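**Q** Here is my input; please provide its structure:
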Amino acid sequence: MTSNAAENPTTFADLALRPELLNALAGLGYEEPTPIQREAIPPLLEGRDLLGQAATGTGKTAAFALPVLQRLAGRDEVGQPMALILVPTRELAGQVSEAIHRYGRDLGVRVLPIYGGQPIGRQLRALQDGVDVVVATPGRALDHIARGTLRLGSLKMVVLDEADEMLDMGFAEDIEAILQETPAERQTVLFSATMPPRIDGIARRHLQDPVRIQMGRETPAPGEAPLVRQTAYVVPRPHKPAALGRVLDVEAPTAAIVFCRTREEVDRLTETMTGRGYRAEALHGGMSQEQRDRVMGRLRGGTADLLIATDVAARGLDIEQLTHVVNYDVPSAPESYVHRIGRVGRAGREGVAITLAEPREHRMLKAIERVTKQRITVEKMPTVADLHARRLELTRAALQESLLEDDLDRFRVVVETLAGEFDLMEVALAAVKLAHEATGGATADEEEIPEIAPRERRDDRESDGRYDRRERVTASGMTRLFIGLGRRAGIRPQDLVGAIAGESNLSGREIGAIEIADRFSLIEVPETAANDVIAALRTSTIKGKKATVRRERDRAH
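**A** Residues are numbered from 1 along each chain as shown. Below you'll find the predicted structure:
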């Protein structure tokens, strides 16, 4: 089933929702359902299983939360949960729980988020007192099941939200184990931004004759701009910090996330951007939950406006004021790109997605375009003159706003005094100069960033039994591993990613460039995890075969 918005938009009342839910939605200012809500709510109210492909920001939380609440409205007070919603991260568990609580405020539905990082005693007491809906990360849910404190025998509905993210984070076995504990006659709902084969496998095993929905973002009307403007700049690696600053200065985002591949790169770039005067905060897996909460508080409170993060650390975040997403490197997987840009352009707001690509990464941009079926426009890096013009425009806009909104009478005496000695135009020019400098508009001369024409990176292939290693540069913070299996052994990129993600603590999103030759492969992993990956792969097999695994530089040439 593919979405087509009705000519006369369906109202929530047309979806046969209970009056209590309609009152809650009206109180929250929801006027009409989004396309995915129009598509998903009717079959879910009928009790059908559902498999939905939906990007973040399409309204999928309400698409499954409202049917969950409708089904629980006539519940008996059994004390055990009747709905279980599995999500990948603590942050998303909190957001979904809060949404269900808001929608079901007039129904008295008891909702409990369960995740790591909070006292388990509080969760145990709430479960003992009785809950209707549990929103949980798979690991903590399985922990409670093993303790006997989370009983799933009364479940009517199970929802897997952002299922591809959960699989990327290594929760596949946990999900299977949890589903084995649920009643066979339950209703099952699965939402995922992408549909890799593993998701299809879960659907075949656990969903019964599901309704299938494929949903992108709402299509803009003819002549309208897309909600997410996607652009890229080709930049040599040494100039990337300066390029990031240049782009941010020209774009002037309200708030932005910059995605990096490794923790080390996050820390290094945060320090660099802070030194350049940006209110930057780092977010990565090496930080405690308390540190993460403080960072998010500063971002939401407006005391920071630039979040520099790894994919893993930023999963599940929903930042209302976010306007820009920047890929500091081209994501190694198109699915990662989809998840990243899904954080802007939400709920009808416009957003911008920017990618800083090295010359060798241009082919990866083309792969992303093929998968997303969306154009990424490669633009010229703004020049110093462009930057100065943009800063002057911001000064002009600030002055215009002050003229329209502020009470300026208390400054009249200053202008009148100066007007007796100087021309009014000169007074205005001096005032604009001071305002421009006060907002950071007059900085020291900046270097021009060299312009590089994008080019397709040639295929690296073995020639006469020797591997051509020219033009290959390892990304910052990454190291390249040599694996003694290649195309002749039937090795594909997904085999290497699966082996590493399955045997080590790395997720697929943290793995960098992969190159497969006839008799061996090269794969980039974070330097900090290299030894663990080598040790893990040496004691396991890839496609049933043992392989030599070591750092590439250790290889004899």
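
**Q** what residues does the one helix or strand residue 178 maps to touch?
**A** In the assignment (DSSP states H and E), residue 178 maps to helix 172-180. When contacts are taken as C-beta atoms under 8 Å, 6 or more residues apart in numbering, the neighbours of helix 172-180 outside the stretch itself are 84, 86, 138-139, 141-142, 145, 152, 158, 160, 163, 166-167, 198, 202, 206. Backbone N, C-alpha and C define where each C-beta goes, glycine included.

**Q** got it, and stretch 533-546?
**A** Where contact means C-beta under 8 Å, 6+ apart, the residues beyond stretch 533-546 that reach it are 481, 483, 485, 489-491, 495-496, 499-500, 503-504, 506, 525, 547, 549-551.

**Q** Just the ones of these in strands?
**A** Members of those lying in strands (criterion: DSSP state E): 481, 483, 525, 549-551.

**Q** Who wins on neighbours among the residues you listed?
**A** residue 483 (25 neighbours; other C-beta atoms under 10 Å).

**Q** now it: how far from residue 15?
**A** 52 Å (C-beta to C-beta, to the nearest Å).

**Q** for residue 315, same thing?
**A** For residue 315, the distance to residue 15 (C-beta to C-beta) stands at 30 Å.

**Q** More neighbours: which of those two?
**A** The residue with more neighbours, out of residue 315 and residue 15, is residue 315; 22 against 19, by other C-beta under 10 Å.

**Q** Quick check, that one in contact with residue 88.
**A** Yes. Using C-beta atoms under 8 Å as the test, residue 315 is close enough to residue 88 to be in contact (5.8 Å).

**Q** Show me whatever sits in contact with both of these two.
**A** Residues touching both residue 315 and residue 88 (C-beta under 8 Å, 6+ apart) are 165, 169.

**Q** Verify the contact between residue 90 and residue 136 for me.
**A** No. Because the distance of 10.2 Å does not satisfy C-beta under 8 Å, residue 90 is recorded as not touching residue 136.

**Q** and for these two, which residues touch both?
**A** Common neighbours of residue 90 and residue 136, counting by C-beta under 8 Å, 6+ apart, are residue 115.

**Q** Neighbour count for the two, which is higher?
**A** Taking other C-beta under 10 Å, residue 90 and residue 136 do not tie; residue 136 has more neighbours (26 against 21).

**Q** Pretty sure that one sits against residue 84.
**A** Yes. When contacts are counted by C-beta under 8 Å, residue 136 is listed as touching residue 84 (6.9 Å).

**Q** what sits in contact with each of those two?
**A** With contacts defined as C-beta under 8 Å, 6+ apart, no residue is shared by residue 136 and residue 84.

**Q** what residues are up against residue 418?
**A** Residue 418 makes contacts with residue 427, as judged by C-beta under 8 Å, 6+ apart.

**Q** Next: the one 5 residues further on.
**A** Taking C-beta under 8 Å, 6+ apart as the definition of contact, residue 423 has no neighbours.

**Q** where's the nearest residue to residue 477 once chain neighbours are set aside relative to residue 238, distance?
**A** Excluding its sequence neighbours, the residue lying closest to residue 477 (C-beta to C-beta, 6 or more residues apart in numbering) is residue 262, at 3.8 Å. With distances defined as C-beta to C-beta, the gap from residue 262 to residue 238 amounts to 18 Å.

**Q** coming back round to it: neighbours around the residue nearest to residue 477, how many?
**A** Using other C-beta under 10 Å, the number of residues around residue 262 comes to 22.
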